[in-house]
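**Student:** What follows is a protein structure lacking sequence information:
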């Protein structure tokens, strides 16, 4: 299966700053990547579908101006949390795949103080 | 990283039959979650079972959890063609979800 990495694995930032999270597909050309967030002990929530070379598709209730997604190449998608607030503290995970295959990154733990 | 091992990797059944998928994991958990993924779409949450629970039902879904064996099973009863999807288990040990490798279920009409 594909190997998916995320960077950073953990990040602590101050309120008001922006944080960029990278999702890399190391051996799989991903035209589509998914971004999820998970609150502690809760289920995963799909945030957006990242499409290579075009705009991301956001789920209802997810602010596109706050969670900027860029999918500039077949191996890299980035999620930027802009003007972060403590309520943005969460576990963010990406996945890549096609059809019925999905490969998950290890996740990024974001803490906003 | 994917700590969960799911079996079988692929399963083909006829409509009306039951489908059972298993998930094993390695570390201690707070809860275990099952998701489905339709072709090319994002994950859909199915059911969450806490570490102190042994069995949970939701419609045609039945999930069991055996923490002593570090394993869980998902049973779909009276399957339908629309159940055709990939199914993933994910464990939550407090540091975020870790996903299994998934079971590809195909239900023939």
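**Tutor:** On my side now, so go ahead. None of the values given here were measured: they were computed from a predicted structure.
**Student:** Contact partners for residue A:37?
**Tutor:** By Cβ atoms under 8 Å, 6 or more residues apart in numbering or on different chains, the contact set of residue A:37 is A:44, A:45, A:47, A:90, A:91, A:92, A:93. Backbone N, C-alpha and C define where each C-beta goes, glycine included.
**Student:** ok so it is a strand residue?
**Tutor:** Yes: the assignment for residue A:37 (DSSP: H, G, I helix; E, B strand; the rest coil) places it in a strand.
**Student:** Disregarding flanking residues, what is the spatial nearest neighbour of it?
**Tutor:** The shortest distance from residue A:37 to any non-neighbouring residue, by Cβ to Cβ, 6 or more residues apart in numbering or on different chains, is to residue A:90 (4.5 Å).
**Student:** Give the pairing partners of the one helix or strand residue A:93 maps to; include direction for each.
**Tutor:** Element membership for residue A:93 (DSSP states H and E) is strand A:90-98. According to DSSP bridges, strand A:90-98 forms sheet pairs with strand A:32-38 (antiparallel), strand A:101-104 (antiparallel), strand A:108-112 (antiparallel).
**Student:** Those strands: which one's closest to residue B:81?
**Tutor:** Evaluated over the strands paired with strand A:90-98, closeness to residue B:81 peaks at strand A:101-104, with 20.1 Å, by Cβ to Cβ.
**Student:** average pLDDT for that closest one?
**Tutor:** Averaged across strand A:101-104, pLDDT comes to 85.
**Student:** again with stretch B:25-42
**Tutor:** The model assigns stretch B:25-42 a mean pLDDT of 90.
**Student:** Just give the closest residue to the residue nearest the centre of chain A, not the sequence neighbours.
**Tutor:** In chain A, the centroid-proximal residue (Cα atoms, centre = their mean) is residue A:35; its distance is 3.9 Å. The shortest distance from residue A:35 to any non-neighbouring residue, by Cβ to Cβ, 6+ apart, is to residue A:47 (4.6 Å).
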